[in-house]
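> A structural model of the following input is requested.
(4 chains)
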There are 2 protein chains.
Amino acid sequence: MVATIVDVAHKAGVSIATVSRVIHGSTLVHPTTRARVEQAMAELGYTPNVVARGLVTRRTQAIGLVITSLADPFFPPIVQAIEETALDHGYSVFLCTSSNDPAREIAVVRQLRERRVDAIIVAASRVGSLYHAHLEDIKVPLVLINNEQSGAYTYSVGTDDVAGGRLATNYLLALGHRTIGYIHGPLVKQSTQDRYRGYELTLGERGMKPDPRLVAAGDGQAAGGQKAMHELLQRQPRPTAVFCFNDATAIGALRAVRAAGLSVPGDISIIGYDDIAFAAYTEPPLTTVAQQTHELGRRAMCLVLDLLAGKEVTSITLLPQLIERDSCARCTHGE
Amino acid sequence: MVATIVDVAHKAGVSIATVSRVIHGSTLVHPTTRARVEQAMAELGYTPNVVARGLVTRRTQAIGLVITSLADPFFPPIVQAIEETALDHGYSVFLCTSSNDPAREIAVVRQLRERRVDAIIVAASRVGSLYHAHLEDIKVPLVLINNEQSGAYTYSVGTDDVAGGRLATNYLLALGHRTIGYIHGPLVKQSTQDRYRGYELTLGERGMKPDPRLVAAGDGQAAGGQKAMHELLQRQPRPTAVFCFNDATAIGALRAVRAAGLSVPGDISIIGYDDIAFAAYTEPPLTTVAQQTHELGRRAMCLVLDLLAGKEVTSITLLPQLIERDSCARCTHGE
DNA sequence: ATGAAAGCGCTAACAC
DNA sequence: GTGTTAGCGCTTTCAT
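Next up is the predicted model:
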């Protein structure tokens, strides 16, 4: 049997209230008594039961973190950052994956409600609103990552994807490219629309506009990127550079270009988005628009902490950054 | 304020015991009463408080999962599988990352103790024993993944790495290679020793033995693999094939070969280990020894479930499997 | 500086 | 079938 506060109190010859006080470092306890209690705790190998504590304080010191899937390389750094920050502040995190499966999403929400988590962070862009609706009555703070839903109890931290789209497009433009394609991610995602919007806006500033023949549909994964690039390669005009929704898409695109016997960046430049861990190891290493993933997670958790501390907080937007590697080169085709 | 069992009882005009019975689907409650209670729960938006429940049942229905880091692509699939299996059985998982930092490891153990998790799964190969020692007095089942520590309260599930080493070596041998190198992972890991052992044993069966000049030290990451391969390339004899501790190492090796102006698999064959998600997308796609990562996680969680159900269980060893892609070819150098 | 006592929301005997 | 009641381990007034 695990030792309880009563055991400690008994052994130290004090009341449980006193033990509780030393646990919390209260100053109004005699040094001698404190020492006695601490020794008793040590001898008993006592560890406070935070479950019991949570029952009375109505704070579980735990948060729920729901993501779509850890298989998407974009999430691990975020999860890691959240966990680190949480641990540093005495919070634990329940990890939940929804797999974009409605049944699981429901199960996850129920689970988190039952556990009375102090807050929830959702990094599964599809439906932050679902969580919001299901959690409204329980009034737990909800922080969304890369999914701007607004409303009471909802805050978010995300990347400025329009700026990201601009960054990529401007870079390609500066390299002399004028026939620039875009491969979309899942169209339901706000992020692919925003990145496209940045591309469109930047082109517009040069008096150009997206050519539908240069835009293809991907799925946010390598397979979709490969297929989309394959299509783009047979279109007229053929793009000299392609901006991909994300790195996975770019990796697929890289493969399609190779399959066509063409080279990157010799024949065609490719730029990705996210800067996942593997981006530095593709062939050629992928030039990409980096999201500050670790920071995204850290800030989300900090937001939660502030919210829980009753502070005023506002949603946060982080700026993406261009990472130059070797998949883009100056355009050599005459204009 | 969130509704409690008392509110429901009050609203339905029954005692809390009856409400508790319908929550648990007890049969000895009148259909009419049940309906009334269920309606009250629905109207109140009532959700049982599992924290309170855990206090009395002494089962939190939560487990702790500790891994070194999510940055290592080997872990995500395992974590995902554990989470899925846990959710399916009504368990929640606290994710903890240790980052191989002793201070954090201590913090993690303390946190898990305080939370009174029902069991702990450790997938951070370095020191399962640490957890064991720190958790001994609390008597919580400990399941290790890919780390064979034995002793009371300790069970494990892992991959037969000696078999994996054999698989890789036999494959290379069958391709006609006779000058086969090995790039180690962190030497403190049992897994790199085991994989090497499989390599050694298989060579031995052909009357051969590892040539120290063909063995280099890596660090389990791309950087180390690149450096190691770079060294190997200038050794005499130069290997015609190299077995790498893991895929990350192989990816680095791939890069070193390219940097030397050589080709894979034309000049040198490379085989990895793990079959991480990215292995299919390297250039060329990586031939590798796959670990059943998802299964590793699922089985670990099942072991926990069985343990908690009081069943007899034994440790589990899974067999690796060869995944042929394009980084290995028949040896063309005369013997 | 310390103790007594009232819960937190729930389960599980035990009565009826 | 349903209700009463005694805790689970802890925090937190309120006394002293």
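> residues near the closest residue to DNA strand C within the stretch 201-335 of chain A, how many?
Sorted by distance to DNA strand C under C-beta to the nearest atom of the strand, the residues of the stretch 201-335 of chain A start with residue A:308, at 18.0 Å. In this view, the C-beta of every residue, glycine as well, is placed from N, C-alpha and C. Residue A:308 is surrounded by 17 other residues when neighbours are defined as other C-beta atoms under 10 Å in any protein chain shown.
> in chain A, which spans are strands?
For chain A, the strands identified by DSSP state E occupy A:62-67, A:92-97, A:119-123, A:142-145, A:154-159, A:180-184, A:215-217, A:241-244, A:269-274, A:287-290, A:316-318, A:321-323, in order along the chain.
> Partner strands of the first one and their direction?
Spelled out, it's strand A:62-67. Partner strands and pairing direction for strand A:62-67 (DSSP bridges) are strand A:92-97 (parallel), strand A:119-123 (parallel).
> With mean pLDDT and mean neighbour count as added columns, please give the strands of chain A in JSON lines.
Converted to JSON lines, these look like this (pLDDT from 0 to 100; neighbours: other C-beta atoms under 10 Å in any protein chain shown):
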{"stretch": "strand A:62-67", "mean pLDDT": "96", "mean neighbour count": "25"}
{"stretch": "strand A:92-97", "mean pLDDT": "97", "mean neighbour count": "24"}
{"stretch": "strand A:119-123", "mean pLDDT": "93", "mean neighbour count": "28"}
{"stretch": "strand A:142-145", "mean pLDDT": "92", "mean neighbour count": "26"}
{"stretch": "strand A:154-159", "mean pLDDT": "89", "mean neighbour count": "23"}
{"stretch": "strand A:180-184", "mean pLDDT": "98", "mean neighbour count": "28"}
{"stretch": "strand A:215-217", "mean pLDDT": "98", "mean neighbour count": "20"}
{"stretch": "strand A:241-244", "mean pLDDT": "98", "mean neighbour count": "32"}
{"stretch": "strand A:269-274", "mean pLDDT": "98", "mean neighbour count": "29"}
{"stretch": "strand A:287-290", "mean pLDDT": "98", "mean neighbour count": "26"}
{"stretch": "strand A:316-318", "mean pLDDT": "95", "mean neighbour count": "16"}
{"stretch": "strand A:321-323", "mean pLDDT": "98", "mean neighbour count": "16"}
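> Residue B:74 is nearest to which of those?
strand A:92-97 (16.9 Å; C-beta to C-beta).
> CA atoms only: put the closest one into PDB for me.
Presented in PDB, the C-alpha positions along strand A:92-97 are these (Å, rounded to 0.1, in the frame of the first residue of the first chain):
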ATOM      1  CA  SER A  92       0.800  16.800 -17.300                       C
ATOM      2  CA  VAL A  93      -0.500  16.200 -20.800                       C
ATOM      3  CA  PHE A  94      -3.000  13.700 -22.000                       C
ATOM      4  CA  LEU A  95      -2.100  13.000 -25.600                       C
ATOM      5  CA  CYS A  96      -5.000  12.100 -27.900                       C
ATOM      6  CA  THR A  97      -5.000  11.400 -31.600                       C
END
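> Other residues contacting it?
Applying C-beta atoms under 8 Å, 6 or more residues apart in numbering or on different chains, the set of residues contacting strand A:92-97 from outside is A:61-70, A:79, A:82-83, A:86, A:104, A:108, A:111-112, A:115, A:117, B:62, B:65, B:79-80, B:83-84, B:87, B:92-96, B:111, B:115.
> Kindly recompute the last result at 6 Å.
Here strand A:92-97 makes contact (C-beta atoms under 6 Å, 6 or more residues apart in numbering or on different chains) with A:62-67, A:69, A:83, A:86, A:108, B:80, B:83, B:92-95, B:111.
> Spatially nearest residue to the residue nearest in space to the middle of chain A, not counting backbone neighbours?
With distances taken as C-alpha atoms, centre = their mean, residue A:78 lies nearest the centre of chain A, 4.5 Å away. What sits nearest to residue A:78 in space, not counting adjacent residues and going by C-beta to C-beta, 6 or more residues apart in numbering or on different chains, is residue A:297, at 3.9 Å.
> Look at that neighbour and say how many residues are nearby.
27.
> repeat for residue A:226
23.
> Repeat that for the one 10 residues further on.
If you count neighbours by other C-beta under 10 Å, residue A:236 ends up with 5.
> List the contacts of residue A:118.
Applying C-beta under 6 Å, 6+ apart, we find residue A:118 in contact with A:59-60, A:63, A:308.
> what's the closest of those residues to chain B?
residue A:60 (6.1 Å; C-beta to the nearest C-beta).
> tell me the pLDDT at that closest one?
Per-residue confidence (pLDDT) for residue A:60: 97.
> Give me the number of neighbouring residues for the nearest residue to it once chain neighbours are set aside.
Distances taken as C-beta to C-beta, 6+ apart place residue A:54 nearest to residue A:60, at 4.2 Å, with adjacent residues excluded. The criterion is other C-beta under 10 Å. On that basis, residue A:54 has 22 neighbouring residues.
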